[in-house]
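Engineer: here is a sequence together with a model predicted from it:
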Amino acid sequence: MVNRIDNHIRLMTALNLTYYVGIDCGPWIEPVSPNVFCDPDDMTRLLSHYYKGKPRRFWESVRVFPETWVEELKNIHCAVVVCQRVYPDCRWEDVIFSMSPKLVLQEDLHGCERQQLRGKKYVRTWAEKKYYGLRPYKPWPIFPGEYNLILWRRRDFQVDGMEDCRWKTLRRLREWVTG
């Protein structure tokens, strides 16, 4: 089932995207479940604002593709790519680069494969996670400050209003060092 997509919706609405697409290699994928959102009230408010009082319109924008392998998406343009619960030894960097997304979100990383986008066309960001209001749905309490999600930004994509912050130089230095 499609579940825990709060961060996906935050990115979708922030970038003013039209469709939410879910893929899975399994034979069945369903976008409706009682656990589709971590915080249903917050998502209803967000979708009500985005769809001008008609949050149910979101479900009309959902497209799901069961029995679809990630490799089949090569060269299909996507504004945002979300990797959730990736099996070990699945390396999809080339597929992600071919899609040329503005943002790549990796969620639910414990025990899963992390895609390495560092040094290519992407930088790992922290400020944008706060800007978009991204929240982990399964934080790991063992390491303080570890949020079980990584957000990558394409180097040539700038978030409106982020460049004017007074800590721009420090933020750029941190991005250069970390990714």
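Structural biologist: Good, I have the coordinates.

Engineer: center of the protein, which residue is that?
Structural biologist: Nearest residue to the geometric centre of the chain (Cα atoms, centre = their mean): L105, 3.3 Å.

Engineer: which residues of the chain fall in helices?
Structural biologist: Remark: helices assigned in the chain by DSSP state H are 6-14, 40-50, 57-60, 93-99, 127-132, 168-178.

Engineer: which one of those lies nearest to R85?
Structural biologist: Comparison of these against R85 by Cβ to Cβ identifies helix 6-14 as nearest, at 13.3 Å. Quick note: C-beta positions are derived from backbone N, CA and C, even for glycine.

Engineer: what's the spacing between the closest residue to A14 other than its chain neighbours and R45?
Structural biologist: Leaving aside its sequence neighbours, A14 sits nearest to Y132 (Cβ to Cβ, 6 or more residues apart in numbering; 5.4 Å). The spacing between Y132 and R45, counted by Cβ to Cβ, to the nearest Å, is 16 Å.

Engineer: may I see the buried residues of stretch 23-31?
Structural biologist: I23, D24, I29, P31 (16 or more other Cβ atoms under 10 Å).

Engineer: then it to PDB, C-alphas only?
Structural biologist: In PDB, the C-alpha atoms belonging to stretch 23-31 read as follows (Å, rounded to 0.1, in the frame of the first residue of the first chain):
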ATOM      1  CA  ILE A  23       5.500   2.600  -8.600                       C
ATOM      2  CA  ASP A  24       6.200  -0.800  -7.100                       C
ATOM      3  CA  CYS A  25       7.700  -4.000  -8.400                       C
ATOM      4  CA  GLY A  26       4.900  -5.900  -6.700                       C
ATOM      5  CA  PRO A  27       1.700  -7.000  -8.500                       C
ATOM      6  CA  TRP A  28      -0.500  -4.700  -6.500                       C
ATOM      7  CA  ILE A  29      -0.300  -1.100  -5.300                       C
ATOM      8  CA  GLU A  30      -3.200   0.800  -3.700                       C
ATOM      9  CA  PRO A  31      -3.100   4.500  -2.900                       C
END
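
Engineer: what about it, average pLDDT?
Structural biologist: The pLDDT scores in stretch 23-31 average 87.

Engineer: residues making contact with it?
Structural biologist: 1-2, 22, 59, 62, 64-70, 73 (Cβ atoms under 8 Å, 6 or more residues apart in numbering).

Engineer: now, the most widely separated pair of those residues?
Structural biologist: Using Cβ to Cβ for every pair in the contacts of stretch 23-31, the one that comes out farthest apart is W59 and W69, at 25.2 Å.

Engineer: hey, where'd the strands end up in this protein?
Structural biologist: Applying DSSP state E to the chain gives strands spanning 20-23, 62-65, 80-84, 103-107, 122-125, 149-154.
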